[in-house]
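A.B. asks: coordinates for the following, if possible.
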Amino acid sequence: MIKMQLKNFAGELKCYRCSECNGRGCPGRLPGLGGVFESKNFQLNCDSWKTLRKKISSEGKDEEYSSITVKSKNLRCGPVTGAVENIGFANEGDFYFPYLKGTFDAGIGLCVGDGCPDEKLKFGIQAVNELNTQAAFFFKPYPQERLLERIEWSEAYASFMGLDIDSYNIVTMRNLVNLEKKTAAQLNELRKKIHVPFVIKGIFTEEDVELVKQVKPDVVYISNHGGRVETRVGSTGEFLENFGKELKNYCSEIWVDGGIRCKEDVQTAMYYGANQVIAARPFIRSVFDDGAEGLTSFIKENFL
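C.D. replies: Numbers count the residues shown, from 1 in each chain. Just a heads-up that it's a prediction; the model follows:
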């Protein structure tokens, strides 16, 4: 069972606690909270929202952007696992309940991630069950039979289910657990087994756009895994700007993550067509330092 500890965790956070979390303080911090290409995409993700705001201003649309209301339904926590190797917790099970409870108490949506070993997903499921709520579940692209098993574990607790296709590009993970690069046919096969809205997470290349056109998922989730996958150099913000309108023709909603640090970033993403915006690193740091209650306060003060 999950440990119900809500603060004062054992371990050492794999983060330098920079005054501005923009990827410039943690090049090479993998495993950890850094990113690939010496954290280049992590940096570009953070910078892109500021760049897009400058573009909005140059077009004289400041009032249109600033008047966007961020509601709790527009924000979610990221699907995070790897509490020991990536975050710095001494015990994997210490992370999931306080992270999800802090988010839940702030009134925003939850996401649960997948990982190896299976206990990572099961910790997330247990936390959602303990909170008597539902979450969006994202599975790694395992072989189909293993995915069907994961769907069965999660279906009673899921408001959305999706495949985290960009995690195929994490070489260490792919080699460890035999991840697959899924075809449109495989995704549609899985979709038939899922009874909640279906999400494809990790849309970040033109090849991914073509996949979306073939599958037409309920939700397209633009992500480069927080700048942690080696696909191409770029940001989720520029991808949303360039492909958001096109993608909206093939789905009901667009979600996006990457470099989201404040309410203004959420408004910027929504201005460019995002329905839901997902944040992770600032929430991780907050829950590690201040527990579930601290995370709840942090979200309300900075994002809503």
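
A.B. asks: pull the number of nearby residues for residue 167.
C.D. replies: 25 (other CB atoms under 10 Å). Yep, even glycine has a C-beta here, placed from its N, CA and C like the rest.

A.B. asks: surely it and residue 229 touch.
C.D. replies: Yes - if you go by CB atoms under 8 Å, residue 167 and residue 229 touch, sitting 7.3 Å apart.

A.B. asks: mutual contacts of the two, please.
C.D. replies: Residues touching both residue 167 and residue 229 (CB atoms under 8 Å, 6 or more residues apart in numbering): residue 202.

A.B. asks: who's in contact with the residue nearest to residue 228 when sequence neighbours are not counted?
C.D. replies: Spatial nearest neighbour of residue 228, chain neighbours left out: residue 35 (5.2 Å); criterion: CB to CB, 6 or more residues apart in numbering. Residues in contact with residue 35 (CB under 8 Å, 6+ apart) are 23, 26, 41-43, 226-228.

A.B. asks: which of these tops the neighbour count?
C.D. replies: For the contacts of residue 35, neighbours tallied by other CB under 10 Å; top is residue 42, 30 neighbours.

A.B. asks: just say helix, strand or coil for that residue.
C.D. replies: helix (DSSP: H, G, I helix; E, B strand; the rest coil).

A.B. asks: ok, the one 5 residues further on next?
C.D. replies: Following three-state DSSP, residue 47 is assigned to helix.

A.B. asks: list the contacts of it.
C.D. replies: When contacts are counted by CB under 8 Å, 6+ apart, residue 47 touches 22, 235, 259.

A.B. asks: so where's the stretch 51-200 of the chain shaky on pLDDT?
C.D. replies: Regions of the stretch 51-200 of the chain meeting the criterion pLDDT under 70 cover residues 171-175.

A.B. asks: need the CA coordinates for the host helix or strand of residue 104. CSV is fine.
C.D. replies: If you go by DSSP states H and E, residue 104 is part of helix 93-106. C-alpha atoms of helix 93-106 as CSV (Å, rounded to 0.1, in the frame of the first residue of the first chain):
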residue,chain,number,x,y,z
GLY,A,93,6.1,4.9,-3.2
ASP,A,94,6.6,8.2,-1.3
PHE,A,95,5.9,10.4,-4.3
TYR,A,96,2.6,9.4,-5.9
PHE,A,97,0.0,10.1,-3.2
PRO,A,98,1.2,13.5,-2.1
TYR,A,99,1.8,14.6,-5.7
LEU,A,100,-1.7,13.6,-6.8
LYS,A,101,-3.4,14.7,-3.5
GLY,A,102,-1.8,18.2,-3.8
THR,A,103,-3.0,18.5,-7.3
PHE,A,104,-6.5,17.1,-6.5
ASP,A,105,-6.9,19.5,-3.6
ALA,A,106,-6.1,22.4,-5.9
